[in-house]
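*Asks:* any chance you could fold what I've pasted below:
(one chain, ligands or ions: 1)
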Amino acid sequence: MLYPKANEFRQVMDLSGFFDFKLDPEKRGEKENWQKGTEGCRVISVPASWNEQFLDTKNYLGFAWYFKRFYPPLSWKEGRVWLRIGAANYYAKVWVNGEFVGEHEGGYLPFQFEISDKIRFGEENLLSIEVENELSPTRVPPGNIPPEEEPRPLRFYPDVNFDFFPYGGIHRPVYLFSTPKSYIEDITVMTSIEGGKGIVECVVVKRGEDVQEGRVHLEGKGTKIDQKIKFEGNTAKTKLTVEKAILWSPENPYLYELSVEISSSKGTVDKYCLPVGIRTIEVKGKKLYLNGKPIFLKGFGKHEDFPVLGKGLCLPLMVKDYSLMKWIGANSFRTSHYPYSEEMMDLADRQGFLVIDEIPAVGLFFGRGVERRLALCKQYISELIARDKNHPSVIIWSIANEPHSTKPQAKAFFKELYEHAKSLDPSRPVTLVSMLGLKEEALEFLDLICLNRYYGWYTDSGQLDIACQRLEKELEEIFRVHKKPIILSEFGAGSIAGMHADPPEMFSEEYQAELIRRYCELIESKPYMVGEHVWCFADFKTAQAPHRVILNRKGVFTRTREPKLAAHILRKIWRKKENG
Ligand code: BDP
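*Replies:* So this is what the prediction gives:
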């Protein structure tokens, strides 16, 4: 799925901004034809969650409607017109001028529909989007699970089976864009290295019978390659060889520019440009290799989360987060616990961050409705790989976070997801982020192991000596059994900024800093450990429960991005390593 980009053949119109908005708690909208517009709306901003824009929507879980009036440019008449929504949580239905155009389940991946036959040129058009964020055990991520099916000592309000706030609404941009009638539907790029040469394999998929051929052009420092492509059916494949390739890496995130053109007998009909980073990623023995060299991941689990915006895209915040991650010496992060925006992935490519890209499979359980959850996870994997396959920054796919894999069918469930991901992308390692450790049977077939541990916090509270002993013992055991590289994908402690204690005590900045320091020291002493991701980058909003103080406070930055003591300590640890 290609991100909408403008050039001489394609135009993009951003519909983000103010929309008309109306809650529909009784689900009357569709029956009463709100798809054609309705009275009594208020103004809402898109992209952003609805929860904190008003006083009465904070905990709203239900149906809501968004309306926008727009004029498509007359110059789009000859081609095709598309509508694309970056993400809407959780379920969206779309109408144009009262006519249904499509629907999408899942809150964190883009969806698009061709609307050429619904649009009216020279007139005002109406876009209506119904979004609904009810919690249900058969959704992924799940919520409202009856206690007898999934016993939990602490339940959140709202009743989510995950530790972040169930924000609702249109969270990413809404674009109208045009393509020519015959157009480039998809491009897949895979890179490898042979000696000093970079190999760039491209697969181009087109639509349009009049198109039989085209060209691919790759350009960069000292490189200019131009190659003809011929379509067989709708697909054309080619392989480009870059002599003396400049490899993409965190130290030098070099991007070549690939441009693909397709042509009919009348000449070029469509074009699409894509940045390409030439790199390899591989698990071998107990190490993870980037471009054939062992790499150690330093970084965080994060969230898309900020006051008022909720989970809405905010570009300045994104730039700020990357600058803080650079400042602290991180080289990577995990998109815990759902795919982040496409804009975030573009910046990761440009700034040289390594990303563990995760589907929204958090809080999975294996009771009733498991088939539906499996189908959804497969859909998310397909959509995520289609969206992010061309990003050099993405080095690992994560197929779940902390599943409650206590039932026997969990192993087969994850085997199916693992094989699905591998069949779509054989070039990247696939993992699952586990809390069960050796009891997680999927560790047998995953390419590498991601483990979350909270010794010294949820267990052995306040006792860092014991915590570190337990961690060491467990890591050694897991490696002895599975002989695979391990990333400690979550560890940390809550701290309330400004709270101090000496000797360190839970919730003080000192305790959080000391726990993180000791964990890092231990992790870095083990040759099979290939990464440390602190939980969490910044404090974030959760649903309400007795173990949360308005926010989850495990951020090394506050929710508004002020550094806590742990940030300064991590900076010392991570920057020291960088300097040798
Ligand atoms: C882990 C989860 C993460 C939580 C974290 C915590 O993966 O979503 O926020 O623990 O409890 O279990 O802080």
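
*Asks:* what's near enough to touch the residue of the stretch 151-300 of the chain found nearest the ligand?
*Replies:* Per CB to the nearest ligand atom, residue 163 is where the stretch 151-300 of the chain lies closest to the ligand, at 3.5 Å. Any C-beta I mention is one placed from the backbone N, CA and C, and that applies to glycine too. With contact set as CB atoms under 8 Å, 6 or more residues apart in numbering, residue 163 has these partners: 156, 542, 552.

*Asks:* sitting in strands, which of these do you find?
*Replies:* Among these, the members found in strands (DSSP state E) are residue 552.

*Asks:* need the contacts of residue 163 in CSV with distance to residue 406 and neighbour count, can you?
*Replies:* Formatted as CSV, the contacts of residue 163 follow (distance: CB to CB, whole Å; neighbours: other CB atoms under 10 Å):
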residue, distance to residue 406, neighbour count
156, 20, 21
542, 24, 22
552, 24, 24
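
*Asks:* need the contacts of residue 163 in a markdown table with pLDDT, can you?
*Replies:* Below are these laid out as a markdown table (pLDDT from 0 to 100):
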| residue | pLDDT |
| --- | --- |
| 156 | 95 |
| 542 | 98 |
| 552 | 98 |
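
*Asks:* out of the contacts of residue 163, who's near the ligand?
*Replies:* Among these, the ones lying near the ligand by CB under 6 Å from any ligand atom are residue 552.

*Asks:* of all the contacts of residue 163, which comes closest to residue 394?
*Replies:* Nearest to residue 394 out of the contacts of residue 163 is residue 552 (CB to CB; 25.6 Å).

*Asks:* measure the residue sitting nearest the centre point of the chain to residue 172 for me?
*Replies:* The centre of the chain sits closest to residue 339, judged by CA atoms, centre = their mean, with a distance of 1.7 Å. Using CB to CB, to the nearest Å, residue 339 is found at 10 Å from residue 172.

*Asks:* just residue 421 next, same as before
*Replies:* 23 Å.

*Asks:* do the same with residue 483
*Replies:* The gap separating residue 483 from residue 172 is 41 Å, by CB to CB.

*Asks:* neighbour count for these two, which is higher?
*Replies:* residue 172 (25 against 10; other CB atoms under 10 Å).

*Asks:* wait, the more buried one touches residue 84, no?
*Replies:* No - Residue 172 lies out of contact with residue 84 (CB atoms under 8 Å); the separation is 9.6 Å.

*Asks:* joint contacts of the two?
*Replies:* Common contact partners of residue 172 and residue 84 (CB under 8 Å, 6+ apart): residue 110.

*Asks:* residue in the stretch 401-550 of the chain nearest to the ligand?
*Replies:* residue 402 (4.7 Å).

*Asks:* next up, phi/psi of the closest residue to residue 441 other than its chain neighbours, please.
*Replies:* Leaving aside its sequence neighbours, residue 441 sits nearest to residue 411 (CB to CB, 6 or more residues apart in numbering; 4.0 Å). Main-chain dihedrals, residue 411, degrees, to the nearest 10: phi -60, psi -50.

*Asks:* part of a strand, is residue 410?
*Replies:* No - Residue 410 is assigned helix when assessed by DSSP: H, G, I helix; E, B strand; the rest coil, not a strand.

*Asks:* my guess is it meets residue 442, correct?
*Replies:* Yes - between residue 410 and residue 442 there is a contact under CB under 8 Å: 7.2 Å.
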